Each structure stands twice: as structure tokens, then as C-alpha cells.
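Peer 1: prediction below, plus the sequence it came from.
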Amino acid sequence: MKRQRDNCRFTVSGAKRYKLLDLMIDRGIECDGIIDTDEQLCLYTHRKNKPYIISACSKYGCEYAIDEDGVTKARRYIAFALLHSGLVLGIALSLILCSVFSSMILRIKIDNADEQIKADILSVLDTNGLHIGSFKSDFDFVKLERELNGKVPGISWAGISVQGSTLVVDTIDNIPKPRSDNSRLPCNVVALCDCTVEKAQVFCGDLNVTIGSGVRAGDILISGERKKLIKADKDDKETEVTQYMRASGHVYGEFEKQAEFFFPYEEAVNTPTGKTMTVSYLNIFDADIPLFFKDIEGNYIYKAIREPLEVFGCELPVAITEVEYSEYVEAINTYTDEEINKKIEKSIQNYEASFLSTYEIRDKQQDISKTDKGVTLKLKYTLYGEIGEQADIYLNKE
Amino acid sequence: MKETVRQSLRDLAFVNAFISIVDDKCAVIENVSNIAECNDINAVIEASGYRVSIWGNGLSISSYENRIVEVKGCISSIELERIKHIAGK
């Protein structure tokens, strides 16, 4: 009989107290800890046997006392804990986890649709040491708000609040500056670079240069400002007035452009080794819990596939992410002279196609110099094309 | 002759006073008819015509169904005495 569970303690006194034991043996009543001290018989028995013992005590004229707490509450709780150790351990573990998780940041929610802004905010937070799993008490959120306001472009205001274990970053985007329409404002046509003017077509404004003359970058080619002398009707005094217009036209000229490229003989190239490794992570909110024990060392390119759990079409914040790591090593690739020459040709073609397609190439000089480290290519072009650009005239308020 | 037959019958019917002792910590007595004494140093149990006196210290008795009694504590000696009549106290 287990003393710990639902037992009670009887203390029986009286001359015929041993008759009680005879009765118990006859009836098969289980008792424990029977001991007779100081003319008192003490015994422990289950509560269900209480009526029999009480009736026997009355029958034999014995006095009795029942101690319901024969086993103290503390011992009963200890016994319960030992018997249900799994349950108690689970509750204790849950309480500890709840208390730990409640003081941690498990999710970062950013109220902004722009992925770039989100990435910038996460980067700033990470720089300040705040990431998933950080403790809330370690951070001064006012300071972080100031950091976000100053370092994240594209937002005019950021506010941080904590809702449970979720860090909510509320943002207000920059209001885009309205683009002014300058099509009706006066302007000049100015030179983009140092050149020699060869041809001009003026639609509006006064040509400010002569054909064949040399101009410097920023010089006015077609002026949108015209000064006139106007004679008033009453007195013959002439006054100078300035007329502004929107200058337009095409000015063509010859100019020079230089470019320089360097081609090293040795270049570090990422070469895949063919070794791949697939591991899984358990995602709870934004926390990634690895479901593996091995260390991932080396350089890898990874590809992640996230499979969220769904219940009736509703996505749960729990997911399994399978990440495939492909190892690569940095190998030194050495180029031969032939390969370098091919690269030079390709680079010249790309450069001309990308930057010089709108100009006529009149002359091209290329200078190739070789060193131990690589080949330097210097290109010098003589180009012909349009050299004018409209530039607004800023008028002083008077 | 009478005694031999009686003993054989007792053996067949398993009404003997079976006493099992585990070290000096525990003694289990079966076919108990009466507990005559149970204090700290002495426990007297009547089982199947024998008076079993168990001496020791810190003794306590547990009574189970099927007339089985277990004496726990530090047992120093056990005495057996034949009695003619099983009598309660």
C-alpha cells in the first residue's frame, strides 16, 4: 500500500484496541505503519477503510482520532510530482520558455511595401545588434528610431514599437518632390565638352559662337537672352530691355574622348567544386532553427525553398526551409596574351556600342602597355556629333 | 500418529505459519490470526498456532489482505512459541 496516496492516520486508544487489529486481519483491511506507543495504537490506512475502522472503534469502545493529513500536503505534492514527472517537467519547461521568449524578439514586422527599404531597415537594425532572438531589454528604441531616420534613405520617419515578441517598425515614406516642367522656361544651349564647332542649326535664340571656333565646356552656344533698346513714345529716351526665350537648336562639333582599361593576367574566379549539401531549417515566425548538427564551413552559394504550413488555406507562421548549399572555391585563372587580346577587342566593341553609338568616330588611337600584372589599354577617340545641351536660365527676383 | 496426520494436513492446506525474512529489515508472516503486540521494540504475532515474537528497534507492522503481516524495522531476533489455542487479546 502506498502511504502517499489518499491515506489517513488513525490513533486509537483503549483497552480493546488490539481487537481492532483482529477485525482488520479478519476483514482483510490493509494497514501500514502499525505501532503501539504509550498505550496508543497508530496506523495508516486508505480513506475508504475509514468507516470500517470507525465502526470497529465504536464496537470495542475505543477512542480514536483521525488525522486526514497523515501525509503532509508537501509530501503529497512531491509524490505527485514524482509520479507525474513528465507533466511537471513539461509545465516547468513551458513556463521557462514562455518567460524567456516573452523577453525576446522573435519577429520583425516592417510596415512598408518596398523591399529595398525593408532590407535597409533590417541592415541598420542588424548593425546595431538587433536581430531575431535578441533580448528586448538590451536596446534603446528611441536611439534606434533616430538611427533609422538618419540612415535609411527613402523614409522620412520611423517608429518602433514592441507588441509581445514582435518588433513593429512603422515608417512614413518620403513624399516625392514634384518634377517641375521647364519646357516653358527660358534657357540657353551650352557646350557639353571642349570642342570645335563645325555646324549649327538654330531654331530659337541667337547663335553665340562662330563656325570653326573652339569652345570650352559650359560655354553658351545658343543664347536665350536677347537685349533690345526700346524708344518710349513721349520722350525720345531709349531704354534697354532684356527678352528671354527658350533657345533650341543643334550644334555639331569635333571633340576628343579618352578611356582607359586594365586587363590583369591573373584573376580570381569562383569555381564550383560539385559538392552540394541540403539542410533544413524550422522557421517559427522569423526565427530560423537549424534541424541539423553539422558545421557548414567554406564558401557556398545557397538556394532556399520555403514551404509554409497551411491550415484550410491559411498560412501558419511555421515553415520548413530547405537550403541547398553548393560549395565553390576561389581559383586563380591565368590568361594568355591571346586571351587578353580577345578581351581587349571585346571591351572596345562594348565601349563603342554603349557610349559612342550616337557619335561619328573620325579617328581612334589605341595605346597598349604591358606590365607584370596585366595590360593597360588607353583609347583616344576623335568624335563628331551634337555637343549642345539646354541649360535653364536662372533669373534673379527683382 | 495423530500429530503426523495433522501436520500433513496442515502442509496440504497451506495453513502453516510461513515466515520470510529479508536481511534484518523485514519479516513477512502469512496466515496470521492475531496481532498481540506491536510496539517499537517488540511485535508479537499469532499465526497458525504459533506465537511469533519479533524483537528489534523501530518496528512497525503493515497488515495486508489474505492474512499477511509485514514487520519492518531493524530486526534483531525472532522467537517462536507453540500455542495450543489461537486466542485474541
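Peer 2: Perfect, I can see it now.

Peer 1: when you work out contacts or count neighbours from here on, use the C-alpha atoms and nothing else.
Peer 2: Fine.

Peer 1: is A:Gly388 in contact with A:Ala191, as I believe?
Peer 2: Yes. In this structure, A:Gly388 is within contact of A:Ala191 by C-alpha atoms under 8 Å, at 4.8 Å.

Peer 1: check which residues of the strand of greatest length in chain A are buried.
Peer 2: The single longest strand within chain A, with elements called by DSSP state E, is strand A:314-334. Of the residues in strand A:314-334, A:318-328 count as buried by neighbour count, 16 or more other C-alpha atoms under 10 Å in any protein chain shown.

Peer 1: also stretch A:339-350?
Peer 2: Counting neighbours by 16+ other C-alpha under 10 Å, one finds that the buried residues in stretch A:339-350 are A:340, A:344, A:348.

Peer 1: give me the residues contacting stretch A:237-251.
Peer 2: Stretch A:237-251 has contacts (C-alpha atoms under 8 Å, 6 or more residues apart in numbering or on different chains) with A:184-189, A:197-206, A:221-232, A:386-388, A:390.

Peer 1: need the next SSE after the lowest-mean-pLDDT helix or strand in chain B, C-terminal direction.
Peer 2: Across the helices and strands of chain B, mean confidence by mean pLDDT, DSSP states H and E is lowest for helix B:2-13: a mean of 79. Sequence-wise, the next helix or strand downstream of helix B:2-13 (DSSP states H and E) is strand B:19-22.

Peer 1: quick one on the thing from earlier: and the buried residues of strand A:314-334 as JSON lines, adding distance to A:Ser55 and pLDDT?
Peer 2: Shown next, in JSON lines, are the buried residues of strand A:314-334 (distance: C-alpha to C-alpha, whole Å; pLDDT from 0 to 100):
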{"residue": "A:Val318", "distance to A:Ser55": "63", "pLDDT": "84"}
{"residue": "A:Ala319", "distance to A:Ser55": "66", "pLDDT": "87"}
{"residue": "A:Ile320", "distance to A:Ser55": "67", "pLDDT": "88"}
{"residue": "A:Thr321", "distance to A:Ser55": "71", "pLDDT": "89"}
{"residue": "A:Glu322", "distance to A:Ser55": "72", "pLDDT": "90"}
{"residue": "A:Val323", "distance to A:Ser55": "75", "pLDDT": "90"}
{"residue": "A:Glu324", "distance to A:Ser55": "78", "pLDDT": "90"}
{"residue": "A:Tyr325", "distance to A:Ser55": "80", "pLDDT": "89"}
{"residue": "A:Ser326", "distance to A:Ser55": "83", "pLDDT": "90"}
{"residue": "A:Glu327", "distance to A:Ser55": "85", "pLDDT": "90"}
{"residue": "A:Tyr328", "distance to A:Ser55": "88", "pLDDT": "89"}
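
Peer 1: from those, which is closest to chain B?
Peer 2: A:Val318 (56.0 Å; C-alpha to the nearest C-alpha).

Peer 1: nearest spatial neighbour of the closest one, chain-adjacent residues omitted?
Peer 2: Closest residue to A:Val318 apart from its sequence neighbours, by C-alpha to C-alpha, 6 or more residues apart in numbering or on different chains: A:Ile284 at 4.7 Å.

Peer 1: so which bits of the least confident helix or strand of chain B are buried?
Peer 2: Buried residues in helix B:2-13 (16+ other C-alpha under 10 Å): none.

Peer 1: of the contacts of stretch A:237-251, buried ones?
Peer 2: Neighbour-count burial (16+ other C-alpha under 10 Å) applied to the contacts of stretch A:237-251 gives A:186-189, A:197-198, A:200, A:205-206, A:221-225, A:386-388, A:390.

Peer 1: packing partners of the host helix or strand of A:Ser354?
Peer 2: Applying DSSP H and E as the criterion places A:Ser354 in helix A:337-355. With contacts taken as 3 or more C-alpha pairs under 8 Å, 6 or more residues apart in numbering or on different chains; DSSP states H and E, helix A:337-355 sits against strand A:248-264.

Peer 1: could you tell me the angle between the strand it packs on and helix A:337-355?
Peer 2: 160 degrees (axes from the mean of the first three to the mean of the last three C-alpha atoms, to 10 degrees).

Peer 1: contacts for the helix or strand following strand A:248-264 next, please.
Peer 2: Later in the chain than strand A:248-264, the nearest helix or strand by DSSP H and E is strand A:266-284. Outside strand A:266-284, the residues that touch it by C-alpha under 8 Å, 6+ apart are A:288-292, A:317-335, A:373-374.

Peer 1: what residue spans form the domains of chain A?
Peer 2: A:7-77, A:104-173, A:187-252, A:276-326 (automatic domain parsing).

Peer 1: would CSV of these with distance to B:Ile68 be doable?
Peer 2: Formatted as CSV, the domains of chain A follow (distance: least, C-alpha to C-alpha, whole Å):
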stretch, distance to B:Ile68
domain A:7-77, 8
domain A:104-173, 61
domain A:187-252, 117
domain A:276-326, 57
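
Peer 1: what separates A:Ala74 from chain B, distance-wise?
Peer 2: Distance, A:Ala74 to chain B, by C-alpha to the nearest C-alpha, to the nearest Å: 23 Å.

Peer 1: go on, A:Asp32?
Peer 2: 4 Å.

Peer 1: host element of that residue?
Peer 2: Assigned by DSSP H and E, A:Asp32 belongs to strand A:31-37.

Peer 1: strands paired with that strand, and their directions?
Peer 2: strand A:40-46 (antiparallel), strand B:50-64 (antiparallel) (DSSP bridges).

Peer 1: show me how far it is from its chain's centre.
Peer 2: Here the centre of strand A:31-37 is set off from its chain's centre by 72 Å, with C-alpha atoms, centre = their mean, to the nearest Å.

Peer 1: same check, this time on stretch A:23-42
Peer 2: 74 Å.

Peer 1: list the contacts of it.
Peer 2: With C-alpha under 8 Å, 6+ apart, stretch A:23-42 has contacts from A:1, A:3, A:9-14, A:17, A:43-46, A:49, A:56, B:32-34, B:37-40, B:59-67.

Peer 1: same check, this time on stretch B:3-10
Peer 2: B:Asn16.

Peer 1: apply 10 Å and report the result again.
Peer 2: B:1-2, B:11-17, B:48 (C-alpha atoms under 10 Å, 6 or more residues apart in numbering or on different chains).

Peer 1: before we move on, what about stretch A:320-327?
Peer 2: So stretch A:320-327 is contacted by A:270-284, A:288-291, A:296-309 (C-alpha under 10 Å, 6+ apart).

Peer 1: let's see that with 6 Å instead.
Peer 2: A:272-273, A:275-283, A:299-307 (C-alpha atoms under 6 Å, 6 or more residues apart in numbering or on different chains).

Peer 1: count of neighbours near the residue nearest to A:Val318?
Peer 2: A:Ile284 has 15 neighbouring residues, counting by other C-alpha atoms under 10 Å in any protein chain shown.

Peer 1: what do you get for A:Lys380?
Peer 2: By other C-alpha under 10 Å, neighbour count at A:Lys380 equals 15.

Peer 1: what bridges to it?
Peer 2: A:Gln258, A:Gln365.

Peer 1: next up, the contacts around it.
Peer 2: Neighbours of A:Lys380 in contact, by C-alpha under 6 Å, 6+ apart: A:257-258, A:364-365.

Peer 1: same thing but at 7 Å, please
Peer 2: A:256-259, A:364-366 (C-alpha atoms under 7 Å, 6 or more residues apart in numbering or on different chains).

Peer 1: do B:Gly56 as well
Peer 2: Contact analysis of B:Gly56 by C-alpha under 7 Å, 6+ apart lists B:41-42, B:74-77.

Peer 1: quick one: pLDDT of it?
Peer 2: For B:Gly56, the model assigns a pLDDT of 93.

Peer 1: what do you get for A:Thr210?
Peer 2: Looking at A:Thr210, its pLDDT is 90.

Peer 1: noted, bye for now.
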